[in-house]
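Enquirer: Here is my input; please provide its structure:
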Amino acid sequence: MSFEIMKIGKARSETVVISSLDIAEAFEKNHRDVLKAIRELKCPEEFRLRNFAQSTYVNEQNHKQPMCFVARDGFALLAMGFTGEKAMKFKLEYINRFNEMEKLLQAKLIDCKKGMAVRNSLTKALMMSKENERMHGNAYPTYTNLIYKALFDKSAKELRADFGISSTDNLRDHFSPEELSKIESMERLVSGLIDIGWGYNKIKAFVSENDVKMLT
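Expert: Now for the predicted structure:
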């Protein structure tokens, strides 16, 4: 039973989904029959766009095949057609797992909002100090690299290489909750130092001369 978190259609926020492959395996059905059942669901187009996302996978013969990601409400509608005692057991298990995953997603969203508030505070501090003007609009990435170097001994570019992601991917999505907490603590510290008038070189020296990892 494998769940994922992703955006479906034009939704701005992420949602919990499961693949049609997992559904077929759990309910002991042919995957083609599951896809057929999804296609034949009598539901409004808006509902379909919110709950079903077409995708592909590579099978054992190394051929690309169709599959579908299904959100909770879409699964509930689809599973109505699955009957029998075993099917009922799986339906209840899946719905419980959907609820558990959505609680985790909500907790993630709350943490993201907190992190955004901290980043906004750092951005505001940089603007108020005119550091961004002095650095020709590059103050935030410069200070962020300083923080990453202090905590992980690597720049944002090096971290992206380690995670195997591109410059367009959100680097913070790949940090653990503990690492994100340390980053936010460092951002608060740096914001405070900027607020009292410290410049980049003084903050960099302070970070280099002190074990800031212990402070976070």
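Enquirer: what pLDDT does the residue nearest to the spatial centre of the chain get?
Expert: The centre of the chain sits closest to Asp173, judged by C-alpha atoms, centre = their mean, with a distance of 4.8 Å. On pLDDT, Asp173 comes in at 80.
Enquirer: Per the annotation, how does the chain divide into domains?
Expert: Following automatic domain parsing, one gets these domains for the chain: 3-82, 114-215.
Enquirer: so how far is the last one from its chain's centroid?
Expert: Think domain 114-215. Going by C-alpha atoms, centre = their mean, to the nearest Å, the spacing between the C-alpha centre of domain 114-215 and its chain's C-alpha centre is 20 Å.
Enquirer: ok, back up a step: could the domains of the chain go into a markdown table alongside distance to Lys91?
Expert: All C-beta spots, glycine's among them, are computed from the backbone N, C-alpha and C. Rendered in a markdown table, the data for these read as follows (distance: least, C-beta to C-beta, whole Å):
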| stretch | distance to Lys91 |
| --- | --- |
| domain 3-82 | 5 |
| domain 114-215 | 31 |
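Enquirer: hey, least reliable of those domains by pLDDT?
Expert: Among the domains of the chain, domain 114-215 scores lowest, with a mean of 84.
Enquirer: tell me, how many neighbours does the nearest residue to Ala139 once chain neighbours are set aside end up with?
Expert: Beyond its immediate neighbours in the sequence, the residue positioned closest to Ala139 (C-beta to C-beta, 6 or more residues apart in numbering) is Asn132, lying 3.9 Å away. Under the neighbour criterion other C-beta atoms under 10 Å, Asn132 is assigned a count of 18.
Enquirer: Repeat that for Glu133.
Expert: Neighbour count for Glu133, taken as other C-beta under 10 Å: 11.
Enquirer: Please apply the same query to the one 3 residues further on.
Expert: Residues contacting His136 under the criterion other C-beta under 10 Å number 7.
Enquirer: before we move on, what SS does it have?
Expert: Of the three states, His136 takes coil under DSSP: H, G, I helix; E, B strand; the rest coil.
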